[in-house]
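J.: Turn this into a structure:
(one chain, ligands or ions: 1)
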Amino acid sequence: MVAAAITDLRQTLAYLTPADINRIEEAYQFSDNAHEGQTRKSGGPYITHPLAVAGIIAGWQLDAQAVMAALLHDVMEDTAVTKEEISARFGKPVADLVDSLSKLDRIEFQSRQEAQAENFRKMLLAMARDVRVMLIKLADRLHNMRTLDAVSPEQRRRVARETMEIYAPIANRLGLDSLYRELQELSFAHLYSLRYRTIAKALKAARGNRRVGVKKILDSVQERLTAAAIDATVSGREKHIYSIYKKMVEKHLSFSQVLDIYGFRVVVKDVPACYYALGVLHGLYKPVPGKFKDYIAIPKVNGYQSLHTTLIGPFGMPIEMQIRTQEMNHIAETGVASHWLYKSSDAELNEVQKRTHRWLQSLLDVQHHSGDAAEFLEHIKIDLFPDEVYVFTPKGKILALPRGATVVDFAYAVHTDIGNRCMAARINLELVPLRNELKSGDRVEIITAPHAHPNPAWLTYVKTAKARAQIRHFMKVTQTGEATKLGERLLGQALRTLGMTLTDVQKERWEKLVRDTSAHSRGEILADIGLGKRLAAIVARKLLLLSDPDPSIGEKKIAGSIVIHGSEGMAVQFARCCHPIPGDPIIGFIKKGQGLVVHTHDCPSSSRARGDTDKWVDVEWDPDTDRLFDVNLHVVVLDQRGVLAKVASAIADAGCNIANVSVDEDRNLYATNHFTLQVANRQHLAKVLRALRRIPEVVRISRGKE
Ligand code: MN
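T.: Numbers count the residues shown, from 1 in each chain. Next up, the predicted model:
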């Protein structure tokens, strides 16, 4: 069985050079070794599968790299072979192809919705990038479908449904007509086996009656064309059971009412001969009005070209007729593959891509004559040169986002509230930061927190208009409101220093100040203070009509401090350099345009700027803060198996969330784990630290500046 398959493959490879064939034989040996001892569900040796897939690829006359990748397509999934190993043995292009195929294998189709099926197809095409990956995937699927009898009934149905909804349409879109029909036929046979068998039986019975008619038609058509001096090959074939079934369903017909179970094909040498042959055939049998279609002048979206007509044959039997050139016939059989033909040397992939691009361009030029050129362009762009990524939500729904979209874009695409509260994400179960770019096939889960809110820095990396607009909107609304409240507290504090309170200030004083400063309202002045655009001390003096700053004021201790609850939102920020938590001694800095930034007392960046006394304010913690605060910990451990898990579970046992973790691995003994934890206050942190110190492998813990 294996020997016969090898002989077959060798024969099919005759279009390649001996050097290429040698490399393919090496790939075969390698794959054979890797799959050694593995069997298929049918019981045969596993290597028969990659051999058959390579045979299909060679049948489409793809290049040597594609044939080698077909032979190796399952080794990474099923055996211990790595990408590096394949790259070293067979070159990077082959390794890339195999790697992409393994990634496609890991994607699972879940949804039954048609719209989701469409997105799934796009996702696969986007992930494939290189058309050859998709072609090998399709060949893989074809062979699996051909040998589907061996697997369990449930799996058979699942694979058949996936093939019908996903892979057959992709084959159609890539213009692989006969592959498309075979995939449909095989899927139908497994999905609706009873209906398939019934029609097959009826077809067999009808065959006897109609065969004479078919022979007669073939002869008369050939005779007429020869008489008209047209060089043509005429063939007739039974239609696929699936297309008969579809006709029965769509037109509400019984089997005996479906008369055109035979299709005829006339292949001639050039385009004028197509139209000439059409005229001759319309002279032989009467055409059915409205059935003529000119796919030569207006090709199908996938590049398919042919003339289609239906004639009324002997005994009133309808005859479907396709007329096309040899080249059109070849393209209909191999579609996009026909433009990806074998090249004699290991040419740059770019050159091959350019050729494919040119081919698509030429199709476009033809397509301009028909109405749906824009739609066609859309398809080609998305499918082969994608500028979108397709990602899964945790529930298996697929979202389409522009290339370069980040976690934040995804969060806003799911829901505005998710966007406004997002703080990190898990992609394929791994924690990633918000700015992480998404790749097709990613499964994205957003981590939100009640106190989280949008950050202006997000605007520098979001890609979607929705995310941008929502972030801006949030800033505007909340920043003004929160800044006003903070401004009021800061101004109150400044007034107290001067022996007054806010309620002491008369209305007229406010009105005068608004006029003098060309602000629009009292609220605007307060918001300006909160945002650090105006200094509270100066506004306070103006309100009290103290035109000359009292030189003693700078020396005076400011009365009272601003109490920080942690729930102020955007107007109060916690410095990312020192991550203060409740219990830490803190100090506030008014940053222009951003409001109050809270640092720890010993933060180096706060002591550096401390000369600027106008901008520093005393702040203190509200004893009852009720949110969680981020804190960075660096934990140095002995680098042993399972240590990270021990550390993580100790943290969790101390009632603490891990918001982020990354690991620096030293060359030798130690590894440093960087955690971002969420704690309520210093006591909470102390509890975590105690738990960590109890782990024998933990060598050193430090609270991190970033
Ligand atoms: Mn396979």
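
J.: Going by C-alpha atoms from here, please, whenever you check contacts or count neighbours.
T.: Noted.

J.: Not counting sequence-adjacent ones, nearest residue to residue 262?
T.: Once flanking residues are discounted, residue 262 sits nearest to residue 238: 4.5 Å by Cα to Cα, 6 or more residues apart in numbering.

J.: Show me the strands in the stretch 151-300 of the chain, by range?
T.: 233-238, 262-268, 286-287, 293-294 (DSSP state E, counting those that start in this stretch).

J.: looking at these, which is buried most?
T.: Using mean count of other Cα atoms under 10 Å, the stretch among the strands of the stretch 151-300 of the chain with the largest mean neighbour count is strand 262-268, at a mean of 21.

J.: Nearest the middle, which residue of the chain would you pick?
T.: Nearest residue to the geometric centre of the chain (Cα atoms, centre = their mean): residue 440, 2.1 Å.

J.: and the residue nearest to residue 262, how far is that from residue 517?
T.: Counting by Cα to Cα, to the nearest Å, the separation of residue 238 from residue 517 is 89 Å.

J.: Would you mind splitting the protein into its domains for me?
T.: 2-193, 203-337, 472-621, 629-703 (automatic domain parsing).

J.: Of those, which stretch is the most buried?
T.: domain 2-193 (a mean of 19).

J.: in the chain, which helix has the most residues?
T.: helix 193-227 (DSSP state H).

J.: Mind giving me the packing neighbours of that one?
T.: Counting contacts by 3 or more Cα pairs under 8 Å, 6 or more residues apart in numbering; DSSP states H and E, helix 193-227 packs against helix 177-191, strand 233-238, helix 241-251, helix 271-284.

J.: Next, the residues that contact the third one from outside, please.
T.: The one in question is helix 241-251. 184-185, 188, 196, 199-200, 253-255, 258, 261 (Cα atoms under 8 Å, 6 or more residues apart in numbering).

J.: Repeat the analysis, applying 6 Å as the threshold.
T.: The contact list for helix 241-251, computed with Cα atoms under 6 Å, 6 or more residues apart in numbering, reads residue 185.

J.: Return, as residue ranges, the portions of the stretch 601-706 of the chain with sub-threshold pLDDT.
T.: Scanning the stretch 601-706 of the chain with the threshold set as pLDDT under 70 gives 606-614, 665-668, 705-706.

J.: same thing but 80
T.: For the stretch 601-706 of the chain, residues meeting the criterion pLDDT under 80 lie at 604-616, 626, 640-642, 645, 658-668, 704-706.

J.: quick one: the helices in it?
T.: 604-608, 643-653, 682-693 (DSSP state H, counting those that start in this stretch).

J.: Nearest to residue 158, out of the ones you listed?
T.: helix 643-653 (37.0 Å; Cα to Cα).

J.: quick check, distance from that closest one to the centre of its chain.
T.: Relative to its chain's centre, helix 643-653 lies at 32 Å (Cα atoms, centre = their mean, to the nearest Å).

J.: Stretch 678-692 now?
T.: 39 Å.

J.: contacting residues around it?
T.: 581-583, 628-630, 651, 654, 657.

J.: Could you rerun that using 8 Å?
T.: Residues from elsewhere that reach stretch 678-692 (Cα under 8 Å, 6+ apart): 581-584, 625-631, 647, 650-651, 654, 656-659, 698, 701.

J.: And stretch 582-593, by the same measure?
T.: 531-533, 580, 596-601, 615-621, 623, 625, 680-683.

J.: quick one on the thing from earlier: nearest approach to residue 521 belongs to which of the strands of the stretch 151-300 of the chain?
T.: Here strand 293-294 is closest among these (Cα to Cα), at 72.1 Å.

J.: Just the ones of the contacts of stretch 582-593 in strands?
T.: Among the contacts of stretch 582-593, DSSP state E puts 596-600, 616-621 in strands.

J.: which among these gets closest to residue 139?
T.: So of the ones in strands among the contacts of stretch 582-593, ranked by how close each gets to residue 139 (Cα to Cα), first place is residue 597, at 60.3 Å.

J.: was I right about the closest one contacting residue 578?
T.: No: assessed by Cα atoms under 8 Å, residue 597 is found out of contact with residue 578, at 11.1 Å.

J.: before we move on, the earlier item: can you redo the helices of the stretch 601-706 of the chain as JSON lines with distance to residue 477?
T.: Shown next, in JSON lines, are the helices of the stretch 601-706 of the chain (distance: least, Cα to Cα, whole Å):
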{"stretch": "helix 604-608", "distance to residue 477": "29"}
{"stretch": "helix 643-653", "distance to residue 477": "36"}
{"stretch": "helix 682-693", "distance to residue 477": "33"}
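
J.: for the ones you listed, which one sits closest to residue 44?
T.: helix 643-653 (42.5 Å).

J.: Give me the helices and strands touching that closest one, please.
T.: strand 657-665, helix 682-693.

J.: Only C-alpha atoms, please: export that helix in CSV.
T.: Written as CSV, here are the backbone C-alpha positions of helix 643-653 (Å, rounded to 0.1, in the frame of the first residue of the first chain):
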residue,chain,number,x,y,z
VAL,A,643,8.4,27.2,42.0
LEU,A,644,6.3,29.8,40.1
ALA,A,645,3.2,27.7,40.8
LYS,A,646,4.1,27.6,44.5
VAL,A,647,4.6,31.3,44.7
ALA,A,648,1.4,32.1,42.8
SER,A,649,-0.7,29.9,45.1
ALA,A,650,0.8,31.4,48.2
ILE,A,651,-0.2,34.8,46.9
ALA,A,652,-3.7,33.6,46.1
ASP,A,653,-3.9,32.0,49.6
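
J.: can you give me the helices in the stretch 301-450 of the chain?
T.: 326-334, 349-367, 373-384, 407-414, 416-421.

J.: where's residue 41, which helix or strand?
T.: Using DSSP states H and E, residue 41 is not contained in any helix or strand.

J.: and the gap between the nearest residue to it once chain neighbours are set aside and residue 205?
T.: Using Cα to Cα, 6+ apart and skipping the chain neighbours, the partner closest in space to residue 41 is residue 150 (5.7 Å). Distance from residue 150 to residue 205, counting by Cα to Cα: 29 Å.

J.: And for residue 574?
T.: Taken as Cα to Cα, the span from residue 574 to residue 205 is 82 Å.

J.: cool, and residue 464?
T.: 60 Å.

J.: Check residue 244 too.
T.: For residue 244, the distance to residue 205 - Cα to Cα - is 15 Å.

J.: just residue 273 next, same as before
T.: 37 Å.

J.: what would the ones in strands among the contacts of stretch 582-593 look like in JSON lines with distance to residue 71?
T.: Output for the ones in strands among the contacts of stretch 582-593, formatted as JSON lines (distance: Cα to Cα, whole Å):
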{"residue": "596", "distance to residue 71": "63"}
{"residue": "597", "distance to residue 71": "61"}
{"residue": "598", "distance to residue 71": "61"}
{"residue": "599", "distance to residue 71": "61"}
{"residue": "600", "distance to residue 71": "62"}
{"residue": "616", "distance to residue 71": "69"}
{"residue": "617", "distance to residue 71": "70"}
{"residue": "618", "distance to residue 71": "71"}
{"residue": "619", "distance to residue 71": "69"}
{"residue": "620", "distance to residue 71": "69"}
{"residue": "621", "distance to residue 71": "66"}
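
J.: give the contact list for residue 644.
T.: With Cα under 8 Å, 6+ apart, residue 644 has these contacts: residue 673.

J.: Equivalent analysis for residue 291, please.
T.: Applying Cα under 8 Å, 6+ apart, the residues near residue 291 are 308-310.

J.: do residue 80 as well
T.: Per Cα under 8 Å, 6+ apart, neighbours of residue 80: residue 34.

J.: Apply 10 Å and report the result again.
T.: With contact taken as Cα atoms under 10 Å, 6 or more residues apart in numbering, residue 80 is in contact with 34-35.

J.: The one 10 residues further on now?
T.: Applying Cα under 10 Å, 6+ apart to residue 90 gives the contacts 23-24, 26-27, 65, 68-69, 84.
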